[in-house]
Every structure is written in C-alpha cells, then in structure tokens.
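K.L.:
need coordinates for the following:
(one chain, ligands or ions: 1)
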Amino acid sequence: MSIMKSKKGLIMGVANERSIAWGIAKALADHGAELAFSYQNEGFKKRLIPLMDSIKATKFYECDVSKDINDTKSIESMFNKILETWHEIDFVVHALAYSDKEELKGKYVNCSRENFLNSLDISAFSFTRTAKSAFPLMSSKGGSLLTLSYLGAERTTPNYNVMGVAKSALEASIKYLAMDLGKNNIRVNGLSAGPVKTLAGAAISGARHVYRYSESVAPLKFNPELNEIGNSALYLISDLSSGVTGNIHHVDGGLHSVAIPKSNDLE
Ligand code: NAD
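P.N.:
Okay, here's the model as predicted:
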C-alpha cells in the first residue's frame, strides 16, 4: 500500500475498464497514489467517471492531444489547470495513440501524408509536449514519465504500419527526453506491452492472429494481463526504479526475445 503513498499524478488514456491506462491506474491506486485523469472527449468521460469513483479519484480534465497549444482542451491548457490546483505532481502516464483504421491494414507503403502526420502527432509528439508541460510541475523534486509502446516499433508486425513508425519515434523520444530531463531528476521510460484486447488494439487488422501467435511463441506462453502491465508500470513510476531512465521495458511474456520460434510452437 505504501510504495506510492503521498505521490500524485496524471493518467492519460483511459477509454474503458479494458484500457492499459486503467490497469496502470488501478495498480498505482492500490499502492496509495492519488490520481487525476484526462479524457479525450465527452463520450469517454461517461465511461471514465464510474471507474474513477471506484478508486475515489475526483480530478479529471478534458484533453485532446491533437489540439493546438492555445486551445482550452490542449495538453498545455490541461497542465496549466493542474498547476493551479496541485502545484506539483510526481508522475504522468501517457497511454494513448491513434491512426486511421483504414491504414492499419494492407501495405505501409500506401500510407497517406495526412495520416502519417496525424498518427505521429497524436501517438508520438504528444508525449514530448506532455513532458515539456509536466516539467514545471516536477522541477523542484523530480518525477517520472511513462509511455506505452509495442514491439512493432522495433520490428515489423502485421498491419501495424504507420503506428510502428510512430512508436519508433516515441521510443527515440523517450531517450532524448531522458537525457534532457535527467539533471532535474525526471525519469522517462516506456513499457512495451504484448497484445491486449482493447479498443485501440482491435483497430489493427488481423489482431486475432497477432494475439494467438504472441501467446504461443512467447516464452511464458501467455499475453500480459492488465494487472501485469500495471505492476511493471508501478515499478517504473515509483522510487523502486530511481536509477532507471531512458529504458523501454518489455512486458510481453518474453516475446521480444524470440527470433525464430520452435516449430511445435507454431502448430
Ligand atoms: P484504448 O483504446 O483503451 O486507449 C487508447 C486511448 O487513446 C483512448 O483513451 C483514447 O481516448 C486515447 N486517444 C486517442 N486519440 C486521442 C487524442 N487525440 N487525444 C487524447 N486521447 C486520445 O487502447 P490501449 O490499448 O489501452 O492503448 C493505450 C496505449 O497502449 C497506446 O499507446 C497503445 O498504442 C499502447 N499499446 C497497446 C497495446 C495493445 O495491444 N492494446 C500493446 C502495446 C501498446
């Protein structure tokens, strides 16, 4: 209960109870953290409020990360509001991504310019904006920033396409932000999660094949549960990982370590 006692932070990206962000929020709340949440729009708010009630959280902010800096729903406006109430925060969890579903199938070579820019803006650049905005709230005693990635950033996975390119940019951002913010004791890390059945996960064509392949080939022979991702996040956000930054930690049953699966794992 006490690992996160007297720590407070923001969770971005809860769409419903199956969201990775919610798995992380529960692990942090179970260990004593005080949480605020952001939601993309009114539709998501309705699903978020009952979940917040279940852990007695009260602070929420509407934030669409694609909005420009001066918009009232931008990342920057949200952190200004948080600054007015909390003054300081200890951590931010960035668990959001978007790409046009029509381009999460077929060939990457057909990616449109518009969707390329939009996918990288929402799924990668928003983390850099988040880090810049969170900095003034963490500058006196440091903090921890965490984002979510996937194996498709490192190697190709079916239909991940432009999202793989966005996750590669996100993973590089983690390292550059870790270097920039390290002297202020702000740590920046990523969790590369195995496949989870969420709204975002279902948008990728052929998700069932990826899910089944991953559980049969991973050394642990299963895909991660939300609580397992939550517990890994707890480590990276808490002081347990005080010496860790610029790291991409895989919580995928070990799938990332396999180059060529055993033939009977493919049957
Ligand atoms: P999810 O659908 O539950 O959550 C995605 C969230 O992104 C939603 O809350 C949505 O509101 C938010 N979002 C999208 N566009 C936004 C915008 N413009 N402004 C603000 N918020 C926006 O799906 P999830 O799988 O929990 O996704 C969370 C993170 O985990 C994503 O970065 C995803 O790429 C990553 N991830 C998912 C898997 C998986 O298999 N599901 C695996 C590894 C990594």
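K.L.:
going forward, measure contacts and count neighbours with C-alpha atoms only.
P.N.:
Fine.
K.L.:
so what's whatever residue of the stretch 151-267 of the chain ends up closest to the ligand up against?
P.N.:
Of all residues in the stretch 151-267 of the chain, Pro195 sits closest to the ligand, at 3.3 Å by Cα to the nearest ligand atom. Counting by Cα atoms under 8 Å, 6 or more residues apart in numbering, Pro195 touches 201, 210-211, 214, 223-224, 252.
K.L.:
point me to the helix or strand that includes it.
P.N.:
Using DSSP states H and E, Pro195 is not contained in any helix or strand.
K.L.:
got a pLDDT number for it?
P.N.:
Pro195 carries a pLDDT score of 98 in this model.
K.L.:
over to the one 4 residues further on?
P.N.:
Looking at Leu199, its pLDDT reads 95.
K.L.:
and for the one 5 residues further on?
P.N.:
We have a pLDDT of 95 for Ile204.
K.L.:
in a helix, it, correct?
P.N.:
No: counting by DSSP: H, G, I helix; E, B strand; the rest coil, Ile204 is not part of a helix but coil.
K.L.:
isn't it up against Asn161?
P.N.:
No: counting by Cα atoms under 8 Å, Ile204 does not reach Asn161; the two are 9.3 Å apart.
K.L.:
how about the contacts made by the spatially most central residue of the chain?
P.N.:
The chain has Ala95 as the residue nearest its centroid, 2.5 Å off, counting by Cα atoms, centre = their mean. The contact partners of Ala95, by Cα under 8 Å, 6+ apart, come to 11-14, 20-21, 147-148.
K.L.:
among those, which ones lie close to the ligand?
P.N.:
13-14, 20-21, 148 (Cα under 6 Å from any ligand atom).
K.L.:
those residues: which two are farthest apart?
P.N.:
Using Cα to Cα, those span at most 12.7 Å, a distance reached by Val14 and Leu148.
K.L.:
tell me the pLDDT of the nearest residue to the residue nearest to the centre of the chain once chain neighbours are set aside.
P.N.:
Sequence neighbours aside, Gly13 is the residue nearest to Ala95 in space, at 4.9 Å (criterion: Cα to Cα, 6 or more residues apart in numbering). pLDDT, Gly13: 98.
K.L.:
with that, I have no additional questions.
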